[in-house]
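Engineer: Mind folding the following:
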Amino acid sequence: MDTVRERQGEATRLCNIGNVYKEIGQIKKSIIFYEQSLNINREIGRKKGESIILGNIGEAYYHLGEMEKAKNYFEQSSSINKEIGFRKGESYNLNDLGNIYRHFGQTKNAILHYELALKNCDLCHQNNNLIYL
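Structural biologist: Numbers count the residues shown, from 1 in each chain. From the prediction side, this is the model:
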């Protein structure tokens with residue numbers, strides 16, 4: 001049990017380092033730390049952590065302009081969030097996917113994903129404005 005907790009702490013610290021690198025604009029370096037955190041979360045079976053890190057990696061690729069990679073990571077994260085019933089995380093994923101579709105000029109698909117994100121927010125009593133224009 002202590003080993004799992006220690007590994008979880010290590011995964012969190014790696015994620016935090018990745019967050020700092022992302023904040024200072026070193027996106028590729030952030031991905032390295034996110035991937036290490038992702039591997040640990042998978043190793044210890046921490047699905048929620050896995051979904052969060054997949055979302056972080058998706059955001060990093062989004063900022064790099066690598067939309068197909070970003071979409072892939074957001075979809076993986078969304079799938080896990082559905083599986084574990086983490087509606088708040090799923091709302092973020094749906095919003096992120098809406099941003100991807102908007103980037104590709106697929107406005108109907110973007111609106112659909114934004115509306116689904118909003119519906120999920122209502123279901124989880126989250127009142128954040130998720131649509132960034």
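
Engineer: ok, which stretches of the protein are helices?
Structural biologist: 2-23, 27-43, 47-64, 67-84, 87-103, 107-123 (DSSP state H).

Engineer: Was I right to think Gly18 contacts Lys28?
Structural biologist: No. Here Gly18 lies out of contact with Lys28, judged by CB atoms under 8 Å, at a distance of 10.8 Å. In this view, the C-beta of every residue, glycine as well, is placed from N, C-alpha and C.

Engineer: which of the two has more neighbours?
Structural biologist: For the pair Gly18 and Lys28, the greater number of neighbours falls to Gly18 (26 against 11), based on other CB atoms under 10 Å.

Engineer: From Lys108, how far off is that one?
Structural biologist: 34 Å (CB to CB, to the nearest Å).

Engineer: before we move on, what about Tyr73?
Structural biologist: 23 Å.

Engineer: likewise Arg46?
Structural biologist: Counting by CB to CB - Arg46 and Lys108 are separated by 36 Å.

Engineer: With neighbour numbers in mind, choose between these two.
Structural biologist: Set Arg46 next to Lys108 and count neighbours by other CB under 10 Å: Arg46 wins out with 18 against 8.

Engineer: quick one, what contacts the more buried one?
Structural biologist: If you count contacts by CB atoms under 8 Å, 6 or more residues apart in numbering, Arg46 has them with Gln8, Ala11.

Engineer: Spatially central residue for the chain, please.
Structural biologist: By CA atoms, centre = their mean, the chain has its centre lying nearest to Gly55, at 1.3 Å.

Engineer: State the pLDDT value of Asn127.
Structural biologist: Model confidence at Asn127, given as pLDDT, is 47.

Engineer: go on, Lys119?
Structural biologist: 88.

Engineer: now swap in Tyr92 and tell me
Structural biologist: 94.

Engineer: Perfect, that will be all.
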